[in-house]
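Colleague: Take this sequence and fold it.
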Amino acid sequence: MEIKKIMVPVDDSGYSMDALKYSIDFARKMDCRILLFHCHREFPSVIGEPYLQYAIEKILKTSEEVLKPYRKILKESGVGFSELILEEPAGKAIVEAAKIEKIDLIIMGTKGKTDLEGLLMGSTTHRVLHLSPCPVLIVR
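Modeller: Presented below is the predicted three-dimensional model:
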């Protein structure tokens, strides 16, 4: 099996950071690239201007802040990477992006920053495991 492209879905949880660090080691050994993937919450659809633009800017700024430490680690690692930011729901977006981007492996944390964080495995992880078009490696 040839692995050339790994997707690493991240949020601002420690689980995502652990998955990224694992994926960097994996990418070095397999000589492949990483797709850093993040889903932000949906843009509001029921408010008008100028509040809509303000809300969009705030959501995008939050995404940038979430990705900042991941980008720094990836740049320092020397592993080739690209990134993709989409709207929620994360489980669906991860699976669809994995198909479109022709991802060979998804490496993700057991759970992330959701209201269901008390569960053994997060609902996003569970959905990706069941619907992914490629193998999924769960890091805990």
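Colleague: Check what pLDDT the residue nearest to residue 67 when sequence neighbours are not counted gets.
Modeller: Nearest residue to residue 67, sequence neighbours excluded (Cβ to Cβ, 6 or more residues apart in numbering): residue 38, at 5.7 Å. To be clear about C-beta, it is placed using only N, CA and C from the backbone, and glycine gets the same treatment. With respect to pLDDT, residue 38 scores 96.
Colleague: Beyond the one helix or strand residue 38 maps to, next helix or strand please.
Modeller: Using DSSP states H and E, residue 38 maps to strand 33-40. Toward the C-terminal end, the helix or strand that comes next after strand 33-40 (DSSP H and E) is helix 51-77.
Colleague: and residue 126, that's in a helix?
Modeller: Yes: under DSSP: H, G, I helix; E, B strand; the rest coil, residue 126 sits within a helix.
Colleague: could you list every residue that touches it?
Modeller: residue 91 (Cβ atoms under 8 Å, 6 or more residues apart in numbering).
Colleague: if I look at it, how far off is residue 90?
Modeller: Applying Cβ to Cβ, to the nearest Å, the value for residue 126 to residue 90 is 11 Å.
Colleague: what about dumping the CA coordinates of the helix or strand encompassing residue 93 to CSV?
Modeller: If you go by DSSP H and E, residue 93 is part of helix 90-100. What follows is helix 90-100, C-alpha atoms only, in CSV (Å, rounded to 0.1, in the frame of the first residue of the first chain):
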residue,chain,number,x,y,z
ALA,A,90,-17.1,18.1,10.6
GLY,A,91,-17.9,14.4,10.2
LYS,A,92,-19.5,14.8,6.8
ALA,A,93,-16.9,17.4,5.6
ILE,A,94,-14.0,15.2,6.5
VAL,A,95,-15.4,12.2,4.6
GLU,A,96,-16.3,14.3,1.5
ALA,A,97,-12.9,16.1,1.5
ALA,A,98,-11.1,12.8,1.8
LYS,A,99,-12.9,11.5,-1.3
ILE,A,100,-12.2,14.7,-3.3
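Colleague: Many thanks, we can stop here.
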